[in-house]
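Trainee: Predicted model follows, preceded by the sequence.
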Amino acid sequence: MSASSVNRRRILSLWLPRLPIDRIQRFLPSIVAQDEPCIVVIKDNNALVIHALDDAASRLGLYIGQPLANARAMCPDLKVFDADVVADAKTLSDIADWCDRFTPLVALDPPHGLFLDITGCAHLFGGEAALLQTLVRALGRQGFAVSAAIAGTSVCARTLTRQTSGTIVADGGEAAAIDRFPVSALGAGEAITTGLRRAGLKTIGDVAARAPSEITARFGARFSTLLAHALGQGDAPINPRKPLPDYIVEKRFAEPIATDTMIAMTLSRLADTLIASMEKQGKGARRLEAAFFRTDGVVRAIMVETGRPVTKSAVIDRLFRERLDALADPLDPGFGFDMVRLSASRTEIVVQEQRDLDAHVHDNDELAALIDRIAARIGGKRVVVHLPQDTHIPECAVVAAPAQHHLAVAMQAEWPARAESEPPLRPLRLFDRPEPINVPFATVPDGPPHQFTWRRALHAVVRVEGPERIAMEWWRQDGRQLTRDYFRIEDAEGLRFWIFRDGLYEGEVFDGDGKPASPGWYVHGLFA
């Protein structure tokens, strides 16, 4: 066998022709009687046509695309359901998740198909024939009608599933496998299919017998490329739903597991194996995902992230324990998990540091570990650090960022130093949005108010510091924001506020008639 044939891709195509009706009959079995003809209809050109049908309806002579009125005339007792494209797509995505147990390279082939790149992994399931039969039988037990085929290109495999099921094409045999099929099997569109038939080209073999330049000139380069891929002459890569993780380890069970103890033990052993694999290349994990595959096809995935590359299995074990304990929707094993997979989807090279003598490094490690545990329990977006920004706008001077990804930057950030023996220039509590206050009168043009009302309480001003004038960044906001004069205010009860006047008395604030108007006043924060 040549090296090129060894490295040739192998694509398994799955097609679920009755997915809409199978979904309804699977999840709503009580409303569908046995052997009762059922169809799913969808609106097409302001008319309801058949979108999917079961075997009972097919035996009556109904077909996809038939108007509903004609179908009712043929079968008055027909059970009719409205199409739900969103639910169908969700079901197809769930099936794709289940197919991840065979290969991580699973791509959608909408509306009712999937592609599985099984290159180099079919031997793990007893060969291509055994893998194909396992897929078809398992989906059949779940209540889905399925057609499957394996070929060297995705287009050829897809064409085979639309005409027959269970076909496995040897490498290089794509052209011979599909030459007898009608041209409609290529899925090139109604206009091209009709044009081919009018030209007397009824089968794929008839089209393949013509010169490629002739086909391209008459039907376009896109169809010519599609035909070449169907014949095994090159192929476009499939687009997997998920990126391939850097490292994957998994455990399959002959008898499904369901207890928390067995799940925890399995994750712990997988973590040992994963760390050993990464350690050989000097890497640590930054993002980890544990996937639990139930026997009924349901897949549950749990992800954790770390602030620093993880190189110890005990850390991985502890993070997933925290994550599992904090789940709002507990991990339901159903009838048990028959496979558990642990993958590292993001890894980094581990930088060796002097850790024995450097207490600062130890402190950083403990802080990063604490942040990882809290993030695993409540979510990474809820654990934040604050970073200074190069701007004088108060509400933009600080930005909150996830602590796991910005801890090192936060520890090295430089904040403005506070002047010795001077009161703080900025309040301890800054509001997300300044709150309006009612100022009956103030010293014009740039003086403070003598009293103001905030949250229905009147505050008499006894001490004032300011104003501190802050002009908005004209190069960013096109002059839409006004100049602010900030004041540090203390009222008669000792409460200290940070308030500002939004706009100057002349030249910035106007009423509806274009005349100068009084600017607004706001409280932006509270001092301790």
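Mentor: Structure's in. What do you need? Numbering: from 1, shown residues only.
Trainee: what's near enough to touch the spatially closest residue to K79 that is not a sequence neighbour?
Mentor: Counting by C-beta to C-beta, 6 or more residues apart in numbering, K79 lies nearest to C38, which is 4.3 Å off, once chain neighbours are set aside. Glycine gets a C-beta too; all of them are placed from N, C-alpha and C. The contact partners of C38, by C-beta atoms under 8 Å, 6 or more residues apart in numbering, come to 21, 24-25, 32, 53-54, 56-57, 78-81.
Trainee: just L16 next, same as before
Mentor: With C-beta under 8 Å, 6+ apart, L16 has these contacts: 22, 92, 95, 112-113, 139, 144-147.
Trainee: neighbours around the closest residue to K242 other than its chain neighbours, how many?
Mentor: Among residues not flanking K242 along the chain, P104 sits closest, at 6.9 Å (C-beta to C-beta, 6+ apart). The local packing of P104 (other C-beta atoms under 10 Å) involves 20 other residues.
Trainee: from what I can see P104 touches R241, true?
Mentor: No - using C-beta atoms under 8 Å, P104 is not in contact with R241; the gap is 9.5 Å.
Trainee: for the stretch 251-400 of the chain, what spans make up the helices?
Mentor: 260-279, 313-325, 359-378 (DSSP state H, counting those that start in this stretch).
Trainee: Centre of the chain to the first one, how far?
Mentor: Going back to what we said before, that points to helix 260-279. Offset of helix 260-279 from its chain centre (C-alpha atoms, centre = their mean, to the nearest Å): 25 Å.
Trainee: can you list contacts of it?
Mentor: 247, 249-251, 257, 284-285, 290, 292, 310-313, 316-317, 320-321, 324, 331, 333, 337, 340-342, 344, 347.
Trainee: Which of the residues in that helix are classified as buried?
Mentor: By neighbour count with 16 or more other C-beta atoms under 10 Å, helix 260-279 contains the buried residues 262-263, 266-272, 274-275, 278.
Trainee: From those residues, pick the one nearest P67.
Mentor: Distance ranking of these against P67, using C-beta to C-beta, places I263 first at 52.1 Å.
Trainee: what about that closest one, distance to L244?
Mentor: According to C-beta to C-beta, to the nearest Å, I263 stands 25 Å off from L244.
Trainee: and if you look at G195?
Mentor: G195 sits 40 Å away from L244, going by C-beta to C-beta.
Trainee: Please say which of these two ends up with more neighbours.
Mentor: G195 (16 against 12).
Trainee: The more buried one - that's part of a helix, no?
Mentor: Yes - with DSSP: H, G, I helix; E, B strand; the rest coil as the criterion, G195 is part of a helix.
Trainee: Verify the stated contact: it with I215.
Mentor: No - with contacts counted by C-beta under 8 Å, G195 stays clear of I215, the gap being 10.8 Å.
Trainee: Could you pull out the buried residues of stretch 191-208?
Mentor: Across stretch 191-208, burial judged by 16+ other C-beta under 10 Å covers 192-193, 195-196, 199, 201, 203-208.
Trainee: Likewise for stretch 519-528?
Mentor: By 16+ other C-beta under 10 Å, the buried positions in stretch 519-528 come out as 519-525, 527.
Trainee: Any regions of the chain where pLDDT drops low?
Mentor: Across the chain, the ranges flagged by pLDDT under 70 are 1-7, 29-34, 328, 352-364, 476-480, 512.
Trainee: Spatially central residue for it, please.
Mentor: The centroid of the chain falls nearest to K242 when counting by C-alpha atoms, centre = their mean (8.7 Å).
Trainee: residues near E435, how many?
Mentor: 13.
Trainee: residues contacting it?
Mentor: Listed by C-beta under 8 Å, 6+ apart, the contact set of E435 reads 454-455, 522-523.
Trainee: Mind telling me what element it is part of?
Mentor: Using DSSP states H and E, E435 maps to strand 429-437.
Trainee: can you check G514 too?
Mentor: Per DSSP H and E, G514 falls between elements, in no helix or strand.
Trainee: neighbours around it, how many?
Mentor: Other residues near G514 number 7, with proximity taken as other C-beta under 10 Å.
Trainee: how far away is K43 from P67?
Mentor: Distance from K43 to P67, by C-beta to C-beta: 11 Å.
Trainee: and the closest residue to L114 other than its chain neighbours, which of the three is it?
Mentor: In space, and not counting its chain neighbours, L114 is closest to L14: 4.4 Å by C-beta to C-beta, 6+ apart. Applying three-state DSSP to L14 yields a three-state assignment of strand.
Trainee: Strand partners (parallel or antiparallel) of the strand or helix carrying I150?
Mentor: Element membership for I150, per DSSP H and E: strand 147-151. If you go by DSSP bridges, strand 147-151 pairs up with strand 11-15 (antiparallel), strand 167-168 (parallel).
Trainee: ok, back up a step: spit out the residues that contact G195 and I215 alike.
Mentor: Common contacts of G195 and I215 (C-beta under 8 Å, 6+ apart): none found.
Trainee: re earlier: for G466, which of the strands paired with strand 147-151 is the nearest?
Mentor: Closest among the strands paired with strand 147-151, using C-beta to C-beta: strand 11-15, at 70.6 Å.
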